[in-house]
Every structure is written in C-alpha cells, then in structure tokens.
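> Sequence plus the predicted model coming up.
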Amino acid sequence: MADGPTYHRIADLLREEIRAGKWHPGDRLPSHSELADRMQVSITTARNAIQVLVAENLVYTATSRGTIVRNQEILESVVTDHIRPDRPKSAHDIFEEIARDANRVPTKEFSARMEPASAQVAHWLGVPESSWVLARTVVQYLDNEPWSWEVSFYPRDLAEATGIDSPHDIPEGTTRRLADRGHAEIAHRDTLVARPASADEALVLGVATGTVLLDHLRIGADRERVTRATRQRSIAAHHRLAYELGDAEGTAVIRRTLGHPIPLT
C-alpha cells in the first residue's frame, strides 16, 4: 500500500481489488469489523476507508446487507419514450422497460399520501398553497442497488377522478392511467440541474453527502391544466438522460444509425 493515512491506504487496496475483479457488482465487502481484523486496525479506521469508496460511488451501504459494490454501468433514459405514439402497450412502466432492456432487475419501494401543497408544489401545479395534493413517492432499484428517488405531485381532484390516489403502485405507470381516464398529457416542461446531494438524499440513494445528483423536474399538462409535477433525483455519474424530438421517421433514422440504446463511451 502507498504512503498516507492508514484508512486511505486501506481504501486504495480495496479499490484495486474491485478494479481487478476480486469483487463484482452486487458483492458484499467485508464488514467494518471483518476489515478491521483483516487489516489489524480500529473499527473507526475501517469505517473511514469504506466511506472513501462510498464518496467515489464504488460502493454503497445497505442496512441489512452491509457494504455492496456498485455496478458502474451508465444507464441511459430516453425521457421522451413514454409519449412516443408507437410505444407498445405494456403492463410495465418506463423504468421497468429501461431496466429490462439493460438486463437489470428492477424493484421499487412505493408510498402515497395526501398532503398540503408547499409553496413550491403549489407554484408547479397552479393550485393554492396548503391545498391538498397527492404525493406519490417511489425509490427505484436496479439489482437491489438504489437508482433514483422520484416524487410526483397531482392536484387532489384529478388524482381522485382518475384513480391514481391508490395506495399501491400503478404497474402501467400514471402517464398511461391519466391518458386512459381522459387526461392525456400533451405537453411537458423539463428542468435539469446537477447539484450536491443533501443528507436526506444521500441516505435514500446510498451515496455520500455532496455526491453530484441529476435533479430532473418534469411538469406535465393536458389541454386544460397542469396534471402533475415529477421530481426525480439520481446519481449523475451513473445516469444519462436523452431526448428524441421531431418527426417519427427522422427519429427512426437516428435510432438505426446510432443503435438503441445508444452505445456509451
């Protein structure tokens, strides 16, 4: 191991072991106590070494499983896919389609509740502040690895009229449910920001505080009103967003030329 603080030298060793293929994506690294015994150091030193790798997005921590090696694949999301006129009918939402295309296993943790609209949410939806809105929250996982944290807000009357106030996930996705109930979204406004993760975001996504996230806000509307505001946060280093705009024939030419999904470099 190179010179420097002991925990950095241990992190260097583990990093090299990961890069050499001793540890694969999804593998559990030695626990803090196991690592401390192996390296003949204190638990604190072992913990600090692991935190170096967490900060580098090489590993993440899961309460029930310990320290897990991350998959370093960059996954591309074509965020206009869900409004493609030729999108096949399916019982799966866009996230599951993307995951299956990448041969990854998707899972979710879902919750829904009515809550008073904050000033920010009220502004997004065009409703009075503190009026009731539906918040649908989903943490998405790929191969059990935290992938994104998404919260969608809907006006209460629209949520109740379309049945998306269900306490369960909607397999086909809320976009299709809204369309099927007469509220097809015909316009979107997307805002993308790269910024450091807060402590809450770091906890949910299994990253270090300050890790750069993609913060993607999408506001959708039908012909009469704003239907929803969806905010998705994901790890910038592992997630790339793409848009396909314009004529369907031209889009098909691009897909045939580049391949789909587009190869990543």
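That came through fine. Numbering: from 1, shown residues only.
> Point me to the helix or strand that includes the residue lying closest to Pro196 once chain neighbours are set aside.
Of all residues not flanking Pro196 in the chain, Gly210 sits nearest, at 4.4 Å (Cβ to Cβ, 6 or more residues apart in numbering). Where C-beta positions appear, they are placed from N, C-alpha and C, glycine not excepted. Element membership of Gly210 [criterion: DSSP states H and E] is none; it lies in no helix or strand.
> Is it correct that Gly210 is in contact with Arg195?
No - the pair formed by Gly210 and Arg195 falls short of the contact definition of Cβ atoms under 8 Å, at 9.8 Å.
> Show the pLDDT at the residue nearest to Pro196.
Reported pLDDT at Gly210 in the predicted model: 94.
> From Asp12, how far off is it?
21 Å (Cβ to Cβ, to the nearest Å).
> So Ala229 belongs to a helix, correct?
No - with DSSP: H, G, I helix; E, B strand; the rest coil as the criterion, Ala229 is assigned strand and is not in a helix.
> residue contacts, it?
If a contact means Cβ atoms under 8 Å, 6 or more residues apart in numbering, then Ala229 has Val121, Trp124, Leu125, Ser152, Phe153, Leu217, Arg218, Ile219, Gly220 as its contacts.
> what bridges to it?
Listed beta-bridge partners, Ala229: Phe153, Ile219 (assigned using DSSP bridges).
> and what of the one 4 residues further on?
The bridge-partner assignment for Arg233, based on DSSP bridges, gives Trp149, Asp215.
> That one: neighbour count?
A count of nearby residues for Arg233, using other Cβ atoms under 10 Å, gives 22.
> Quick check, it in contact with Ser148.
Yes - in this structure, Arg233 is within contact of Ser148 by Cβ under 8 Å, at 6.4 Å.
> which neighbours do these two share?
With Cβ under 8 Å, 6+ apart, Arg233 and Ser148 have common neighbours Leu205.
> what's the residue closest to the geometric middle of this protein?
What sits nearest the mean C-alpha location of the chain, by Cα atoms, centre = their mean, is Ser148, with 1.6 Å.
> ok, how many other residues are close to the closest residue to that one other than its chain neighbours?
Nearest non-adjacent residue to Ser148, counting by Cβ to Cβ, 6+ apart: Ser234, 4.0 Å away. The local packing count at Ser234 equals 22, with neighbours defined by other Cβ under 10 Å.
> so Leu75 bridges to which residues?
With DSSP bridges as the rule, Leu75 is bridged to His239.
> just checking, Glu249 is part of a helix?
Yes - note on Glu249: a helix contains this position according to three-state DSSP.
> and it, how many residues sit next to it?
Glu249 has 7 neighbours, counted by other Cβ under 10 Å.
> Same check on Trp132?
Trp132 is flanked by 15 other residues according to other Cβ under 10 Å.
> how about it, what does it touch?
For Trp132, the residues meeting the contact criterion (Cβ under 8 Å, 6+ apart) are Met114, Glu115, Pro116, Ala117, Arg156.
> so what strands line up beside the helix or strand hosting the second one?
Here Glu115, judged by DSSP H and E, is contained in strand 106-116. When pairs are called by DSSP bridges, strand 106-116 turns out to pair with strand 132-142 (antiparallel).
> buried residues in the partner strand?
Within strand 132-142, the residues that count as buried by 16 or more other Cβ atoms under 10 Å are Val133, Leu134, Ala135, Arg136, Val138, Val139, Gln140, Tyr141, Leu142.
> out of everything not next to it in sequence, what's closest to Ser166?
Computed as Cβ to Cβ, 6+ apart, the closest residue to Ser166 that is not its neighbour in sequence is Ala112, at 7.0 Å.
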